[in-house]
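Peer 1: Task: produce atomic coordinates for the following.
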Amino acid sequence: MKHLQLSDQPLPHGRGSVCRSLQSRDREGAVQSDWSAHATSGVTLLELLLAVSLLSLLSVGIMTALRVGVTAMEKANTRLMDNRRMAGVQRILEQQIAGFLPVAAEYSAVPGGPLNKMSFFQGEPQSMRFVSTFSLEEAARGYPRILEFQVVPGEAGQGVRLVVNEHLYTGPVSAGIFCLGSAPDPSLGVSVPLFRPIEVGSHSFVLADRLAFCRFFYQETLPRPPLVRWVPHWVQPLLPPAVRIEMGPLGEDAAKVQPLTLTAPLRVNRVVLGTYAP
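Peer 2: Numbering: from 1, shown residues only. The predicted structure is shown next:
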């Protein structure tokens, strides 16, 4: 078997020059291709500025969308809390009036004098005071409390607000601390019970705020038609059959729960100062 052997002898002059020329052309083409690759692999200043501008616009758009979303979430949360607060006010007032206790107050007109009795219920257009088994601190599970409702001016003089004070009720003497006796009222023509003014301070709890008005009315039974009427002052020794609290919002907002007029009966089936046989 014959093998092909390459000769070490140089090629003829013509053939060698052709090969060298081809090799030089190949090297020049490779160098030119390398320079072309380096020339086209970079970016220009204009392209860099455009890329930075697009990235900035994209970042601004993302931040704007996030801010709009956070603002909308905060507004929705605030509106939800306002609605819950207003619904809670209605529920608290209903439970406080539903827990009404008909009690008598024992007081002394002069220090060290004899004790007098009166039905403990204060009913005025802007104030109301009575004893209830429901309190904000202990709900219906604790001791009875003396509740003092008062309508006061709102913050910065805008509208009014409804506040309540709670005092522990331990018996007729504890209720008599707030009584001053009775005196004739020239405008009503009858003798009316007198109470100490309701003090509003840091211990007071704000039930409803930003109200255009808040008024108390008391149902009076009549012997003839219309049989019942609502009066702003309660001066009778007997307790009223029902209480009405009228509230109106300071600003109309259809998206919020608005304060409504609350009418609640006083479920009393006994006379406070009456004497019952054993």
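
Peer 1: how close does residue 219 sit to residue 101?
Peer 2: Distance, residue 219 to residue 101, using CB to CB, to the nearest Å: 19 Å. (C-beta placed from N, C-alpha, C; glycine too.)

Peer 1: ok, now residue 79?
Peer 2: Residue 79 is 37 Å from residue 101, by CB to CB.

Peer 1: where are the low-confidence patches of the stretch 51-200 of the chain?
Peer 2: Scanning the stretch 51-200 of the chain for pLDDT under 70 picks out the ranges 83, 188.

Peer 1: and with 80 instead?
Peer 2: 75-88, 109-113, 185-191 (pLDDT under 80).

Peer 1: Could you pull out the helices in it for me?
Peer 2: For the stretch 51-200 of the chain, applying DSSP state H, counting those that start in this stretch gives helices covering 172-176.

Peer 1: Identify the residues contacting the closest residue in space to residue 235 that isn't next to it in sequence.
Peer 2: What sits nearest to residue 235 in space, not counting adjacent residues and going by CB to CB, 6 or more residues apart in numbering, is residue 192, at 4.4 Å. By CB atoms under 8 Å, 6 or more residues apart in numbering, the contact set of residue 192 is 182, 183, 184, 185, 233, 235.

Peer 1: what's the answer for residue 250, then?
Peer 2: Neighbours of residue 250 in contact, by CB under 8 Å, 6+ apart: 154, 158, 159, 210, 211, 212.

Peer 1: quick check, nearest of these to residue 125?
Peer 2: Closest approach between the contacts of residue 250 and residue 125, by CB to CB: residue 211, at 14.3 Å.

Peer 1: Check what pLDDT that closest one gets.
Peer 2: On the pLDDT scale, residue 211 is placed at 89.

Peer 1: Can you classify it as helix, strand or coil?
Peer 2: strand (DSSP: H, G, I helix; E, B strand; the rest coil).

Peer 1: what separates it from residue 250, distance-wise?
Peer 2: Taking CB to CB as the measure, residue 211 falls 6 Å from residue 250.

Peer 1: where do the contact lists of these two overlap?
Peer 2: 154, 159.

Peer 1: Going through the contacts of residue 192, which ones are buried?
Peer 2: Buried subset of the contacts of residue 192 (neighbour count, 16 or more other CB atoms under 10 Å): 182, 233, 235.

Peer 1: How many residues are close by the closest residue to residue 153 other than its chain neighbours?
Peer 2: Nearest non-adjacent residue to residue 153, counting by CB to CB, 6+ apart: residue 160, 6.0 Å away. The tally of other residues near residue 160 (other CB atoms under 10 Å) stands at 22.

Peer 1: again with residue 266
Peer 2: A count of nearby residues for residue 266, using other CB under 10 Å, gives 17.

Peer 1: same question, residue 258
Peer 2: Neighbours of residue 258 (other CB under 10 Å): 12.

Peer 1: That one - that's part of a helix, no?
Peer 2: No - per three-state DSSP, residue 258 lies outside any helix segment and is coil.

Peer 1: correct me, but it touches residue 249?
Peer 2: Yes - proximity of residue 258 to residue 249 meets the contact threshold set by CB atoms under 8 Å, at 5.1 Å.

Peer 1: got a list of what residue 180 touches?
Peer 2: 107, 194, 195, 196.
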